[in-house]
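> Quick one: sequence plus predicted model below, questions after.
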2 protein chains.
Amino acid sequence: MAATKQVAEKLCELCSRGEHAKAMQDLYADDARHVEVMAMPGSPWPRVMEGKAALQKYSEEWSKMTTVHRSSIGKPIVNGNQFLVEMKMDATQNAGPMAGVRMDMSEQCLYTVKNGKIAEAKFFYSMG
Amino acid sequence: MAATKQVAEKLCELCSRGEHAKAMQDLYADDARHVEVMAMPGSPWPRVMEGKAALQKYSEEWSKMTTVHRSSIGKPIVNGNQFLVEMKMDATQNAGPMAGVRMDMSEQCLYTVKNGKIAEAKFFYSMG
């Protein structure tokens, strides 16, 4: 519980400063995975992505093709080895089928911590 | 995913009508469990409660000692075999160390569905 709270606070601190890459580098386990609600239509990325290296590559490419106008992160809520935090983002895709569309998104992110590292991030958002 | 969505919608429909007992009876697995953030100080109920029968007993006793002034349930968001939904409640405890204290609470509830039934409910709320 104490380790989970520490990871949660560190993640929020780094993300609120825009240091997403450092957050992933410092806090993710080598075999961490992301679980989206679904694979995005027209996207090469699958619903479940595994491995810190793959996630870092994804994150880097996502950053390149996205203009973030504004983003914010809520206050994490811890339960055992999991925590939940709301993320908001106002962004425009620069390429792909959604190019030029500005979207104001909000999602609840559920993180699972094992051995002091983030083992899984699962995203809950509604599709309009 | 389809079964999870169906269970989520049924739960929300019943809870929004105040039919919490029926929701538990119809939708919970026999070995369902509740995972709270922590055991409440002065409460006989543990952080993790297991078994539908135990949960029904808990729920019944909780109802007896609580006056609910108002409650609402949000729109469920599904990811795979889990869904997340916000519950709000304005209530006063009638007994125990918190007797007479009216609280306006909000929590995110994470449900896990297995074989078409709710196997776990995990509650995320912040303590003020």
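Okay, I see it. Everything numeric here is computed off the predicted structure, so don't read it as measured data. Residues are numbered from 1 along each chain as shown, chains lettered A, B, ... in the order given.
> Check which helices and strands the lengthiest helix in chain A sits against.
In chain A, assigned by DSSP state H, the helix with the most residues is helix A:2-16. Under the contact criterion of 3 or more C-beta pairs under 8 Å, 6 or more residues apart in numbering or on different chains; DSSP states H and E, helix A:2-16 touches helix A:20-27, strand A:66-73, strand A:77-79, strand A:82-93, strand A:102-114, strand A:117-124. Placement of C-beta: from N, CA and C, glycine included.
> Chain A against chain B: which residues are in contact?
Within chain A, the residues that sit near chain B (C-beta under 8 Å from any C-beta of the partner chain) are A:35-37, A:75, A:77-80, A:82-84, A:108, A:110, A:122-126.
> So among these, which ones count as buried?
A:35-37, A:77-80, A:82-84, A:108, A:110, A:122, A:124-125 (16 or more other C-beta atoms under 10 Å in any protein chain shown).
> any idea which of these is the one closest to A:Trp45?
A:Glu36 (7.9 Å; C-beta to C-beta).
> For the closest one, which non-adjacent residue is spatially closest?
A:Arg47 (5.1 Å; C-beta to C-beta, 6 or more residues apart in numbering or on different chains).
> What values do phi and psi take at the one you found?
Dihedral pair for A:Arg47: phi -60, psi -40, per degrees, to the nearest 10.
> ok, it to A:Phe123 distance?
To A:Phe123, A:Arg47 is 10 Å away according to C-beta to C-beta, to the nearest Å.
> Export only the CA atoms of the one helix or strand A:Ser63 maps to, formatted as CSV.
In this assignment (DSSP states H and E), A:Ser63 forms part of helix A:52-64. The C-alpha coordinates for helix A:52-64 follow below in CSV (Å, rounded to 0.1, in the frame of the first residue of the first chain):
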residue,chain,number,x,y,z
LYS,A,52,8.2,-1.3,-21.5
ALA,A,53,10.3,-0.9,-24.7
ALA,A,54,7.2,-1.4,-26.9
LEU,A,55,5.3,1.1,-24.7
GLN,A,56,8.1,3.7,-24.9
LYS,A,57,8.1,3.3,-28.7
TYR,A,58,4.3,3.7,-28.9
SER,A,59,4.4,6.7,-26.6
GLU,A,60,7.1,8.4,-28.7
GLU,A,61,5.3,7.9,-31.9
TRP,A,62,2.0,9.0,-30.3
SER,A,63,3.7,12.2,-29.2
LYS,A,64,4.9,12.9,-32.7
